[in-house]
Every structure is written in C-alpha cells, then in structure tokens.
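Colleague: My questions concern the predicted model and sequence given below.
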Amino acid sequence: MTTEDEDGKRRWKAPADTRAPAGGRTLAQKEHVKKKKLSKSSRVWVERQLNDPYVRRAKEAGYRARAAYKLLELDEKFGLLNRSSRVIDLGCAPGGWLQVAIEKGAARIAGVDLLTVEPLGEAAIFLGDVAEPGMEGQLMAALGDAPTLVLSDMAADTTGHRQTDHVRTVGLAEIAARFAIDNLARGGTFVAKVFQGGAQGELLDLLKDNFDEVRHWKPPSSRVASPETFVIAKGFRGR
C-alpha cells in the first residue's frame, strides 16, 4: 500500500505483517537492519511512518494514502462532497482523495498528476501537468460539466528551506486557484494545500475577490510538526 509524506508526497511500502516467517527475522528486525543503511533523515522518515496511526488506519481501510483522512475531515467540517458533486482533483496521486470522493458518491470525478495513478472506479485520471496545453480541456471534457469542487493537494518537492518550500507550494495553489476560477460552477468550492508563512497575500486576495467565504483550517490528521494547512473557498461568484 503506498502512502504519502506530507512534505513532498514521498512513497513508501507499508508492512503487511510483522510476524516472522519460518526460520527468518521479524519484519521489525528487518527494518532495524535496513535503517542502519539509511541516512539520518530517511531513518527518521521510516520511523515516523511506522509509528503513524493514520498510516495504519489508511492501510486497514484500504486507502492509498493517509491523506484520505484529511479530505474526510475537511468534508465533515465544511460539507464539501455529496451525490451531485462534480470533482476535479489536481495532484491526485496516489489516489486517496479520489477514493474519498468515490465513497461519498460524487456524480463525476476527474484527476491529474505528474505521477501514474492506478485506475479507481469511474474516475477519469490523467497523467500530466495541469498547466500543460490541452490538460484543462481534457479534464473538463471528462467531467462533462463545470465542476462544483476543485481540490488541490499539490506540493512542490521540498528543499529543506521552510520559506522557499512555502513560496513554491503557494505558487502551485495559485495555479490551482486560477484553474478553479476559470472553470468552477457558480456557487462552487475550492480547497488547496498551502504552507504556513507570510507569502499568501496574492492568493488570498484572488480568492476573496471571487468567493463569498475564505478560510484556513488544519485537519487533525495533518501532522502537528508539518507546516501544511488548507485554504477553503466557498461560494464561487461566477465569471
């Protein structure tokens, strides 16, 4: 089962069983041996994944990523999804948010990512960059009508420099926001991941000019140490 790291969507194969095979080491023992060969940062990441309750819950529930719980919590608080929802998920790999949209019975679902995403139900999934020529048209054609909800969990590859990472991720959120403003149905909703920091002014101004309500919220499943938060813009006023 693949899961994502909050800072860069790093993939990791979660263990299926910790019992020792006949005549062999337990998985925990094997992990201990592996960790001796890892860099300090990689070792910290592996240990965090092994101890993360949301990683375990996602695996048990069949979600492809712990991020599924972030959308579940966002939906519970803000009422994002219903059976009439038409959803576009920007940066949809590995598919956790698509799974939640399917579970909630959304009418139409489309997603795009630079990484390959294995098929999921009736969701239309595209491999590519949302900003590349023609991708917007493909997503809209697959949906068949204006989306009522545009989601973005996009994040730039991290550099380790907090402010740089923040600015790059906000830049992706601005791309997603402009996509939403160009395509959302009147009254629609936009949700995007951003990093906490001081360079969100232009993004917030853009959203406040086009939506009735703009809020920030950090879901409980988002790690406390992570700088990520989410911006939720509801009540699109139309073009």
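Modeller: Great, that's in hand.

Colleague: Which elements pack onto the longest helix seen in the chain?
Modeller: Of all segments of type helix in the chain, defined using DSSP state H, the longest is helix 162-183. Under the contact criterion of 3 or more CB pairs under 8 Å, 6 or more residues apart in numbering; DSSP states H and E, helix 162-183 touches strand 86-90, helix 135-143, strand 149-152, strand 189-195, helix 201-210, strand 228-236. The way it works is simple: take the backbone N, C-alpha and C, and place the C-beta from them, glycine included.

Colleague: Can you add distance to Ala101 and give the ones you listed back as TSV?
Modeller: Converted to TSV, the helices and strands packed on helix 162-183 look like this (distance: least, CB to CB, whole Å):
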stretch	distance to Ala101
strand 86-90	5
helix 135-143	12
strand 149-152	8
strand 189-195	12
helix 201-210	22
strand 228-236	16
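
Colleague: Nearest approach to Arg56 belongs to which of the ones you listed?
Modeller: For the helices and strands packed on helix 162-183, proximity to Arg56 was assessed by CB to CB; strand 228-236 is nearest, at 20.5 Å.

Colleague: what inclination does the longest helix of the chain have with respect to strand 189-195?
Modeller: Counting by axes from the mean of the first three to the mean of the last three CA atoms, to 10 degrees, helix 162-183 lies at 170 degrees to strand 189-195.

Colleague: Can you mark which positions in helix 162-183 are buried?
Modeller: In terms of neighbour count (16 or more other CB atoms under 10 Å), helix 162-183 has its buried residues at 165-170, 172-177, 179-181, 183.

Colleague: what's it in contact with?
Modeller: Contacts to helix 162-183, defined as CB atoms under 8 Å, 6 or more residues apart in numbering, come from residues 7, 88, 90-91, 130-131, 136, 140, 146-147, 150, 152, 154-156, 158-159, 188, 190, 192-197, 199-200, 202-203, 206-207, 210, 227, 231, 233, 236, 239.

Colleague: Output it as CSV, nothing but the C-alphas.
Modeller: The C-alpha trace of helix 162-183 is given here as CSV (Å, rounded to 0.1, in the frame of the first residue of the first chain):
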residue,chain,number,x,y,z
ARG,A,162,10.9,26.4,5.0
GLN,A,163,10.3,29.8,3.4
THR,A,164,11.3,28.5,-0.1
ASP,A,165,9.1,25.5,0.3
HIS,A,166,6.2,27.7,1.4
VAL,A,167,6.5,30.0,-1.6
ARG,A,168,6.8,27.2,-4.1
THR,A,169,3.7,25.4,-2.7
VAL,A,170,1.7,28.6,-2.6
GLY,A,171,2.7,29.1,-6.3
LEU,A,172,1.1,25.7,-7.1
ALA,A,173,-2.0,26.7,-5.0
GLU,A,174,-2.3,29.9,-7.1
ILE,A,175,-2.2,27.8,-10.3
ALA,A,176,-5.0,25.6,-8.9
ALA,A,177,-7.0,28.7,-7.8
ARG,A,178,-6.9,30.1,-11.3
PHE,A,179,-8.0,26.8,-12.7
ALA,A,180,-10.9,26.8,-10.3
ILE,A,181,-11.9,30.4,-11.1
ASP,A,182,-11.8,29.6,-14.8
ASN,A,183,-13.9,26.5,-14.6
